[in-house]
Every structure is written in C-alpha cells, then in structure tokens.
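# coords please:
(chains A and B)
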Amino acid sequence: MTHLDAGREEVIATYNFAYLDEQTKRMIRRAILKGIAVPGYQVPFASREMPMPYGWGTGGVQVTAAIIGPDDRLKVIDQGADDTTNAISIRKFFERTTGVETTTVTAQASIIQTRHRIPETPLAPGQVLVFQVPIPEPLRFLEPRETETRTMHALEEYGVMHVKLYEDIARHGHIATTYAYPVKVEGRYVTDPSPTPKFDNPKMHRNPALQLFGAGREMRIYAIPPWTEVVSLDFEDHPFEVQAFERPCALCGAADVFLDEVITDDRGGRMFVCSDTDHCNTRQDQGHVGEQQG
Amino acid sequence: MYVAVKGGEAAIDNAHRLLADRRRGNREVADLGLDQIMEQLSLAVDRVMSEGALYDRELAALAIKQARGDLIEAIFLARAYRTTLPRFGYTQPVDTGRMQVERRISACFKDLPGGQLLGPTFDYTHRLLDPALAGDAAPETPEVREPDTAPMMRVSDFLGQEGLLEPAPDAADKPVPDDIARNPMSYPMDRDARLQALARGDEGFLLSMGYSTQRGYARSHPFAGEIRIGEVELEIAVPELEFAAPLGRIQVTECQMVNQFQGSAKAPPQFTRGYGLVFGQAERKAMAMALVDRALRATELGEDLTAPAQDEEFVIAHSDNVQATGFVEHLKLPHYVDFQSELNLVRRMRAEAEVRDETRQEAAE
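Okay, here's the model as predicted:
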C-alpha cells in the first residue's frame, strides 16, 4: 500500500495551522473584509468541506480558522454554554489544529465562536464574536429561491418581511418570532442574526466587538463591524421587545439574563437557570446566590 | 439540589471508544482488509469515489471500513480529506471515444460498429440468492477478448453526422471549466458547473428525480443512446512541454441519453442530449444523471417549466448528500435556547387564547 502506509502520521502532519490551507484562508479573509465593508450583506464564498458535518458549525469554524493566530485565546459556546457537546468538539478541534489557548471566560477570549447565543458579559473592543449560521437568508422562509432573494436585497425590497410581521400582529396581537428575529444593519440590509433568541438582538446594536457570521453549507459570510447600528424590525405601535422571565436564575439570582428551563422531576417540577454558564459561574463566585442556593 | 450536567468531554471520548469497538465487532472474526473491500465491494468503492469526488480506491476502501459500511459517512470522509489537497491544475477534456471499453450498449441500434458489449453487468441475472456465495466457491474463469486499442465511435457521433442530434457543446467555448469546489455556486448555473454538481450528487436523489421525469413530471422521451464503461486516459497540459503529459487512467461510466424533442421557439425539432459521467462503474447513477441533466436544460431549450426535476435551484441545492445529511442530522444538536423561546411564546399564546375563550363564553351567557 502506498501513501497510507507511508503514513497516516505524515498525512496528519501536513494539516496546516487551523486545518485550512493558507490560500483558502486568504479567500475567506477576502470574503470577511468585503462583509465588513458592506455590513449585513451576504458575501458568497467557496466554502470547504470541513471534518465536521455541514450544519454543525462549518461556517463559523471556517471563519475562526481564517482569523485565528497563535496569540489568540479562543472560547467556544453552544446555547450559551462552554460544556455542551458540540462546543467541546469544536474547541477540541482548534486545540488540536492550532494549539492556541482556550478559555471559558468571556472577558479573556479574543475570539468567541458561538451557536445560538451572545454572551451576557458585555464584549470589549478588539474581541471578535463568530456566529455559526444555518440559514443566512432572512427572507428564505418567505421566498425559497436564492435568485429572487438576492434581487430583493439588491432592490431593498423588504415589504414581505414587514407583511409577515404585520400578519403576526393581526393574528396574535404581537409578533410571533422569538429567535432569528430579523434586524436591519446600518439602515440598509435586512440580516439574519442567526438563530439567537431575540433577547440577544439588542446586544448586537453598537457592539464594540466585531461580529462575523459564517454559513458553511449555504456558502455565505457576513459581518457587523464594531459600533454598527443594528435595529430589530418593528412597527411604531408595536415596538420590538425582548423576552422577559418571571423568575431570576435559580443559581446566581441574575434577573436580566436569558434562562434555560430545566425539568427537575417527573411531576412538573422545573427551575430556571442561566443559559450563559460562564456568566452564571462568575456571578456565583462573586457571591451572588439564587433561590436554590439561598 | 440541581447541579448542571458536566462531563461532556469524557462522554464524547467514551462514545468514540465504543464506536471503535462496535466498528471492529467480534474480534474472533477476521479483520476486513482494504484489499478485500477494493476487490469484493468494488461498486461501493466506486460510489464513494464518485460522490466523494476523489478518485482513489484505497482511500475509498479505508473510508468504507472506517464508516462501518455507511456509504454517505464514507463519502463525507473522502470529501473532508479531498478538500485539504492542493489543486495542481485541470486535466485536458477526457476523450471517451478513445475509452478502453469493458461494457458498451446502445438501446437505439440493434448493431453498430464496435458491437454491443455486455461486460460485467447485473442485467439479465435472475435475482435469486446464491447459497454457494455463502462459502468461498471459486467462480468460473470468464471469456475475455484481446484488448482493442482502436477508438470506438460513439452513438452520438453517428447521429450527429446526419444532423438529427443537436451538436455537443464545444469545449473550446469554455477552455477553463468552472470549479464548484473552488468557487461559490450561484444560480442560474452554466451547464459545466451543473454537471459537476450532478456528478457528485447523491445517487438516490438523482435516481428519484430522473424517475419522476419518466412518470410525466417533465417527460423527456429518453432513449439510452449509449452507455459505456471503461478506462480513459487523463492528460494534463504542462507549460514546459509541447505535448500533454499523461497522468494515468481512470475508470468511468458514461451515459448519453438521446431525447426526442418537438422543437420550440428557441430550438428546431431534433434529438437532444442528456449527459452523465461518473467515476467507476456506476450505470444507475450515470443514467439518472443524464435524465436530470436533460430536464435541467428546459430553459435553454425553451420548454415550459412544470416539474421539480426542471428546477435548477431545487435540484442542485438539494443533490449533495454530505450537505443534506449534515443539516438533517444537525437537529440532534442542542436547541435549548430556541426551544425555550418557543415554549415561552406558546405558553403566552395559550394564555391569551384561554382569556379569549372565557370572554367569548361570558359574552354568550
């Protein structure tokens, strides 16, 4: 047997820093730069197959792989938590292919790759938040054709989205979109914030960190540069509002955070705890207590 | 007292160890060699090579072994390896007229120059399970003819001479083909990019799409003009050399569908083409690909768009099984946060609906 015997080790040893070859990284960086130059615009890029499945964060992983350097410190979260299985898997991937330091502490990370959440701890200038995006097109479920939606973006034809939100109000008395709630970036492009809960939308507005979005399967990258205006779509008489929880976190007592509902027994018992595990742990270390600890 | 679940990392490691154990199965049964897979499961190897878009029998066999025989998983392994390989260049167009043919049939002509060659086909076998195969019964030695290096004219060339078949596109019109692995796909696609996508598309998906055209969803009156399987020479142009340098040979399956066509505002009555070309011996895939290729040419030929198989965005965007399996299976990943948001919404809407019902009842009373 030829190249296999000669070596599995040899083959693995030829993987580049952060897996992708340098040409691919340059191609992705060009797409990122274009995305930063045109905030909210979906830049097509020649997405590569990654060693994890499409739909499992390949877009975010490619963006992170293209921007990460040996001095970076990486944090990976899924559902706000550092210890969810896919977050662990992606963190291990970068540990193995880059050897960079990883952290769970939001404030200490230079790059944070996330799925479905924005950390509760406010981000600082210089940090980069990388979102994993399944369907980058906010108009997709109103118009399935890419050829159509690209034209709609080009012509700034966003009427269908407002009609959809209006129909929600007519039917339910309020807008019935709770996650992947569409935003308008810098007054131009209607953009999908990825399936983060709308609770996180206000954090995108004038955020000092750079926000990058990677959709591997759909081959799109987009960006929200630091301090960019990000407005959630709404109506004057039905202003945008975020979810509110009736109780604070049972572990750390935080009241202004997104909570996960945890089922504690088979008799309907449940409790609410922070979805952002780092935020919760930090608060507990600082001496904050929730009803369960009290 | 509730403690958040930790230990995902150990769980993942344990799961992977268990997977490796289950893959190997009972240690008293002999380990499966890559040569056994290459030799005795060669059509599985072919499928992994074509949909994995990597012509390497050994790596495909390794992928099949590692994937426990799950071919889509094996295809994914091949793709993920392939994407790390450097791109040295593009070969010259392959001349299938000079193929070393092992099988060649035409459903259009009873006999033709070069003859009908059945080759190693399942066709006309009676699908009766063969108990002898449960043991290691040696098969009879087959009759083989002397290799014939003379080119074998394609059926499409005969038909083309009379002008009844539309001419094949000229390679000179597009000297450098598109490369769907290096450029983002955009719609509408040129036919070269579309054929690339179909060539690595999922066999089952293309089979169903092609089948749908036979059942009246964009009926295209197809005839299997020619199917040929054999080895072709690959050559690459090197700037320092005056001739194209040979790289070696690969086995491919080519299918040229010939479709009757009544003519439209854009094209005269004639026979039109649907084309399929696949790595290895993959007749079903090549035929399905040719049917779908023809259906997708509807706009070019001025036909009415009435069926899913004619819809380029629909077909191409959903033909890749690596993408499809990833996105379908990603539903296994945690979605706590979005589900929580939806829980809150449904609870709120339920509460509102109950209030509405009560007021309605009170009003009725």
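# C-alpha from now on. contacts and neighbour counts both.
Fine.
# Model confidence score at the residue of the stretch 51-200 of chain B found nearest chain A, please.
The minimum distance from the stretch 51-200 of chain B to chain A, using C-alpha to the nearest C-alpha, falls at B:Pro184 (4.2 Å). pLDDT, B:Pro184: 90.
# same question, A:Thr103
On the pLDDT scale, A:Thr103 gets 97.
# A:Arg171 now?
A:Arg171 is given a pLDDT of 89.
# Show the subsequent helix or strand relative to the helix or strand hosting it.
In the assignment (DSSP states H and E), A:Arg171 maps to helix A:159-172. As assigned by DSSP H and E, the chain's next helix or strand after helix A:159-172 is strand A:183-185.
# Just checking: what are the partner strands of the next helix or strand after that following strand?
Following strand A:183-185 in sequence order, the next helix or strand is strand A:189-191 (DSSP H and E). Strand A:189-191 has its sheet partners listed here by DSSP bridges as strand A:183-185 (antiparallel).
# average model confidence for the strand it pairs with?
Here the average pLDDT along strand A:183-185 is 98.
# biggest helix in chain B by residues?
As assigned by DSSP state H, the longest helix anywhere in chain B is helix B:336-364.
# okay, now B:Val29: neighbour count?
Neighbour count of B:Val29, defined by other C-alpha atoms under 10 Å in any protein chain shown: 8.
# Over to the one 3 residues further on?
Using other C-alpha under 10 Å, the number of residues around B:Leu32 comes to 10.
# still on that earlier bit, buried ones in the longest helix of chain B, by neighbour count?
B:Tyr336, B:Val337, B:Asp338, B:Phe339, B:Gln340, B:Ser341, B:Glu342, B:Asn344, B:Leu345, B:Met349 (16 or more other C-alpha atoms under 10 Å in any protein chain shown).
# you'd agree the second one is up against A:Pro197?
Yes. The pair B:Val337 and A:Pro197 passes the contact test of C-alpha atoms under 8 Å, sitting 6.8 Å apart.
# which neighbours do the two share?
A:His116, A:Arg117 (C-alpha atoms under 8 Å, 6 or more residues apart in numbering or on different chains).
# Quote the end-to-end distance of stretch B:229-248.
17 Å (C-alpha to C-alpha, to the nearest Å).
# Show me which residues of that stretch are buried.
B:Ile229, B:Gly230, B:Glu231, B:Val232, B:Glu233, B:Leu234, B:Glu235, B:Ile236.
# before we move on, back to that, the longest helix of chain B and chain A in contact?
Yes. Using C-alpha under 8 Å from any C-alpha of the partner chain, helix B:336-364 reaches chain A at B:Tyr336, B:Val337, B:Asp338, B:Gln340, B:Ser341, B:Glu342, B:Leu345, B:Met349.
# now the residue in the stretch 101-250 of chain A that chain B sits nearest to: how far from B:His335?
Relative to chain B, the nearest point of the stretch 101-250 of chain A is A:Thr178 (5.6 Å; C-alpha to the nearest C-alpha). A:Thr178 sits 13 Å away from B:His335, going by C-alpha to C-alpha.
# higher neighbour count, the two?
A:Thr178 (21 against 15).
# contacting residues for that one?
Here A:Thr178 is in contact with A:Pro197, A:Lys198, B:Asp338, B:Ser341, B:Glu342, B:Leu345 (criterion: C-alpha under 8 Å, 6+ apart).
# Repeat the analysis, applying 7 Å as the threshold.
A:Pro197, A:Lys198, B:Ser341, B:Glu342 (C-alpha atoms under 7 Å, 6 or more residues apart in numbering or on different chains).
# bridging residues for the first one?
Okay, so that is A:Pro197. A:Tyr179.
# Point to the residue nearest the middle of chain A.
The centroid of chain A falls nearest to A:Phe131 when counting by C-alpha atoms, centre = their mean (2.8 Å).
# rewinding a little: nearest residue to the residue of the stretch 51-200 of chain B closest to chain A in space, please, no chain neighbours.
In space, B:Pro184 comes closest to A:Ala46 once its chain neighbours are excluded; the distance is 4.2 Å by C-alpha to C-alpha, 6 or more residues apart in numbering or on different chains.
# Around chain A, pick out the residues from the stretch 1-150 of chain B.
With the criterion set to C-alpha under 7 Å from any C-alpha of the partner chain, the stretch 1-150 of chain B comes near chain A through B:Lys6, B:Gly8, B:Glu9, B:Arg79, B:Ala80, B:Thr83, B:Thr84.
# Most neighbours among the residues you listed, please name it.
For those, neighbours tallied by other C-alpha under 10 Å; top is B:Arg79, 22 neighbours.
# these two touch, right, that residue and B:Ser50?
No. Counting by C-alpha atoms under 7 Å, B:Arg79 does not reach B:Ser50; the two are 10.2 Å apart.
# ok, the residue nearest to the centre of chain A - contacts?
A:Gly60, A:Gln113, A:Thr114, A:Arg115, A:Leu212, A:Phe213, A:Gly214.
# ok, now which ones touch the second one?
Each residue near A:Gln113 by C-alpha under 7 Å, 6+ apart is listed here: A:Gly60, A:Lys75, A:Val76, A:Ile77, A:Leu129, A:Val130, A:Phe131.
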